[in-house]
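Undergrad: one predicted model, sequence on top.
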Amino acid sequence: MSTKEPSVGQSSQYVGPYRLEKTLGKGQTGLVKLGVHCISGQKVAIKIVNREKLSESVLMKVEREIAILKLIEHPHVLKLHDVYENNKYLYLVLEHVSGGELFDYLVKKGRLTPKEARKFFRQIISALDFCHSHSICHRDLKPENLLLDEKNNIRVADFGMASLQVGDSLLETSCG
């Protein structure tokens, strides 16, 4: 994984080898678009962050998220494939999961079956245990930050509020 500028000569409809398609969502730090690899056809989610429109503290949050995601590889944590940048934008190339947010799933479905609740709980705990074993504390775990893939498997996302702890120190800052 590297940090690089989008290839020279590309229109604004491409980020590296990815063609930008429909908008998947919009968050505090930017827009998320579907990207499709021009050769392989692999789908990704590309988070587009306009550096000029963000405060220094929010930009630091995005950079912290990038640094932390580069350290994590776990089946239930959303993968960061690559990062591109230019003077105006950061482009985070993320794993694409098609099932949406757990929040929307719960609103639509209502009550989970015990089997489904256990499955989700095990996957969330597995991801958090992995993060904690690598001194990473998510600090913003909520259904909106839990995404589902096409087989309804959890991906923990949005590590913008996360903290990387050094040694045995305790967290001293609050969130929210």
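TA: Okay, I see it.
Undergrad: from here on, contacts and neighbour counts on C-alpha atoms
TA: Fine.
Undergrad: show me where this protein dips below the pLDDT cut-off.
TA: Low-confidence regions of the chain, defined here as pLDDT under 70, cover residues 1-12, 166-176.
Undergrad: which helix runs longest in it?
TA: Assignment by DSSP state H gives helix 114-133 as the longest helix of the chain.
Undergrad: just checking: what are the partner strands of whichever helix or strand comes after it?
TA: Next in sequence after helix 114-133, counting helices and strands by DSSP states H and E, comes strand 136-137. Using DSSP bridges, strand 136-137 pairs in its sheet with strand 163-164 (antiparallel).
Undergrad: which residues does the partner strand contact?
TA: With contact meaning C-alpha atoms under 8 Å, 6 or more residues apart in numbering, strand 163-164 is reached by 68, 135-139.
Undergrad: so which strand or helix has residue 91?
TA: Per DSSP H and E: residue 91 is located in strand 89-95.
Undergrad: grab the CA positions of that strand and hand them over as CSV.
TA: Backbone C-alpha positions of strand 89-95 (Å, rounded to 0.1, in the frame of the first residue of the first chain) are rendered in CSV as follows:
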residue,chain,number,x,y,z
TYR,A,89,-7.9,15.9,-2.3
LEU,A,90,-7.1,12.7,-0.5
TYR,A,91,-8.6,9.5,-2.0
LEU,A,92,-8.9,6.5,0.3
VAL,A,93,-9.4,3.3,-1.7
LEU,A,94,-11.4,1.1,0.6
GLU,A,95,-12.9,-2.4,0.4
